[in-house]
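Chemist: After the sequence you'll find the predicted model.
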Amino acid sequence: MDYLHELTSCELCEHRCKVDRLAGEKGVCRVLIPEVASRTLHPAPPESYTIFMSGCNFKCLNCQNWSISQYPDNGMRIDGYVAPERLAAEAIRMIRSLAGKAMGADRIFFSGGESTIHLPYIEKVVAEARKLDPSCKVNFDTNGFMTEASLERVLDLTTSITFDIKAYYDETHRALTGSPVDPVLRNAETVARRAPEKLWEYRILVIPGVNEEDIEFLCRFLANISENLPVCFLAFRPNYILDDHPGASRTLMMRCIELASKARLRNATWSGVTDLPGRIRSVGGTPESSYNRAGARVAAAYAQEQRCETHPRNCSSCPTNDNCTLKRYIPRTCY
């Protein structure tokens with residue numbers, strides 16, 4: 001597996017852990033060799049053969065794919081390592097299958113978890129797939145927390161990019177994900193300016209009481225780059241650490257569209273199930289001195305309830321990364 005040589009000092013994402021993953025050293029993502037969680041024909045736009053990669057460099061409190069993203073610490077079962085040649089052949093075969101054609105699948109879609117932490121493996125899979133079909137399309141789904149060098153490789157690799165933005169304010173982003181927001185916004189702007197034709201959409205999950213106040217400023221940020229950027233607001237549904245937090249209301253989602261229109265974004269939509277029940281748990285001990293924004297304090301309280309010790313959250317410097325209680329959390333309910 002010579003193509004994985006850079007994992008001996010991993011700097012694929014902006015955590016820049018420099019650990020030797022091939023020798024068993026674990027960084028923030030806690031992932032060693034690339035492993036596939038699952039793969040399937042998937043109807044969600046863009047229709048594709050979707051490969052879900054295990055593990056993530058974020059520890060998002062709201063993750064709907066928590067069983068994948070928090071592997072290996074949560075002990076969930078996954079498919080495991082799959083040779084790139086085998087996975088590429090399988091993907092091309094499934095896209096060309098009757099089921100794939102009926103669905104309209106036209107590309108390989110790498111998701112997770114987070115795709116960036118497996119970039120050399122993904123590059124190898126794509127290279128093998130394009131040996132079989134030189135016109136093979138590729139979508140890269142990302143949280144945007146990659147180095148500038150990794151982003152250049154992603155732009156070279158992909159046909160389309162789906163890009164998640166969790167928050168605009170740094171402390172809200174940290175409270176939700178455990179990581180700073182600056183690299184995400186930097187990379188979001190780079191994609192929009194350098195390769196707008198590859199941008200499928202920015203996806204902004206709207207979490208009531210947490211990142212509501214970020215939405216207006218995210219709209220302004222994106223509109224200042226281009227008023228034509230595609231943006232999809234996703235309605236939060238109770239998940240993971242926020243497993244009984246209220247879902248986003250239809251009223252809130254319509255407000256997001258109004259804010260996008262006010263910022264002159266011309267291609268904003270929303271999707272998801274709204275008005276799911278829940279409650280903001282009354283949790284004590286919120287590290288209020290570490291967060292000025294109300295939404296960040298709400299999110300941080302959930303994290304602290306699960307014994308997250310570093311505030312503002314910063315997984316890169318957390319002394320409990322090797323024994324993170326968040327990564328082992330099993331939700332009580334999920335929608």
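Modeler: All right, it came through fine. Numbering: from 1, shown residues only.

Chemist: Not counting its neighbours along the chain, what's nearest Trp66?
Modeler: Tyr240 (4.3 Å; Cβ to Cβ, 6 or more residues apart in numbering). C-beta here means a position set from N, CA and C on the backbone, and glycine is covered the same way.

Chemist: I'd guessed the one you found sits against Gln64; true?
Modeler: Yes: contact criterion Cβ atoms under 8 Å: Tyr240 and Gln64 qualify, at 7.3 Å.

Chemist: More neighbours: the two, which one.
Modeler: Neighbours per residue, other Cβ atoms under 10 Å: of Tyr240 and Gln64, the larger number sits with Tyr240, 23 against 18.

Chemist: Report pLDDT for the more buried one.
Modeler: pLDDT recorded at Tyr240 is 96.

Chemist: now do Thr333
Modeler: pLDDT for Thr333: 67.

Chemist: repeat for Gly75
Modeler: For Gly75, the model assigns a pLDDT of 87.

Chemist: swap in His311?
Modeler: Note on His311: pLDDT of 93.

Chemist: bridging residues for Asp141?
Modeler: Bridge pairing for Asp141 (DSSP bridges) gives the partners Thr162.

Chemist: which residues touch it?
Modeler: If you count contacts by Cβ atoms under 8 Å, 6 or more residues apart in numbering, Asp141 has them with 109-112, 115, 161-162, 164.

Chemist: Apply 7 Å and report the result again.
Modeler: Shown in contact with Asp141 (Cβ atoms under 7 Å, 6 or more residues apart in numbering): 109-111, 115, 162.

Chemist: all helices for the chain, in order.
Modeler: 66-69, 84-96, 98-103, 119-132, 148-157, 170-177, 182-194, 215-225, 250-262, 294-305 (DSSP state H).

Chemist: Quick check: the gap between the residue of the chain positioned farthest from its centre and Ala105.
Modeler: For the chain, the residue at maximal distance from the C-alpha centroid (Cα atoms, centre = their mean) is Leu98, at 30.4 Å. Distance, Leu98 to Ala105, by Cβ to Cβ, to the nearest Å: 11 Å.

Chemist: Quick one: residues contacting Asp2.
Modeler: By Cβ under 7 Å, 6+ apart, no residues touch Asp2.

Chemist: Tell me the confidence at it?
Modeler: Asp2 carries a pLDDT score of 88 in this model.

Chemist: swap in Arg281?
Modeler: At Arg281, the model reports a pLDDT of 66.

Chemist: Check Gly285 too.
Modeler: We have a pLDDT of 57 for Gly285.

Chemist: Report the residue spans of the stretch 101-250 of the chain with pLDDT below the cut-off.
Modeler: Across the stretch 101-250 of the chain, nothing is flagged by pLDDT under 70.

Chemist: what's the nearest residue to the spatially most central residue of the chain if we skip its chain neighbours?
Modeler: Nearest to the geometric centre of the chain sits Asn143, at 3.7 Å (Cα atoms, centre = their mean). Nearest residue to Asn143, sequence neighbours excluded (Cβ to Cβ, 6+ apart): Asp164, at 5.1 Å.

Chemist: Touching, the one you found and Ala188? I think so.
Modeler: No: with contact defined as Cβ atoms under 7 Å, Asp164 does not reach Ala188; the gap is 9.6 Å.

Chemist: which one of the two has more residues nearby?
Modeler: Higher neighbour count among Asp164 and Ala188: Ala188, with 23 against 20, using other Cβ under 10 Å.

Chemist: For the more buried one, give its distance to Pro43.
Modeler: Taking Cβ to Cβ, one finds Ala188 at 26 Å from Pro43.

Chemist: Then Cys232?
Modeler: 16 Å.

Chemist: Look at those two and report which has more neighbours.
Modeler: Counted by other Cβ under 10 Å, Cys232 and Pro43 do not tie: Cys232 has more neighbours, with 18 against 12.

Chemist: and the more buried one, what does it touch?
Modeler: Contacts for Cys232 (Cβ under 7 Å, 6+ apart) come out as 201, 203, 269-271.

Chemist: Could you rerun that using 6 Å?
Modeler: Neighbour list for Cys232: 201, 203, 269 [criterion: Cβ atoms under 6 Å, 6 or more residues apart in numbering].

Chemist: Take those residues and keep only those in strands.
Modeler: Among those, the ones falling in strands (DSSP state E) are 201, 203, 269.

Chemist: give me the number of residues near the second one?
Modeler: Right, Arg203. Neighbour number of Arg203 under other Cβ under 10 Å is 18.
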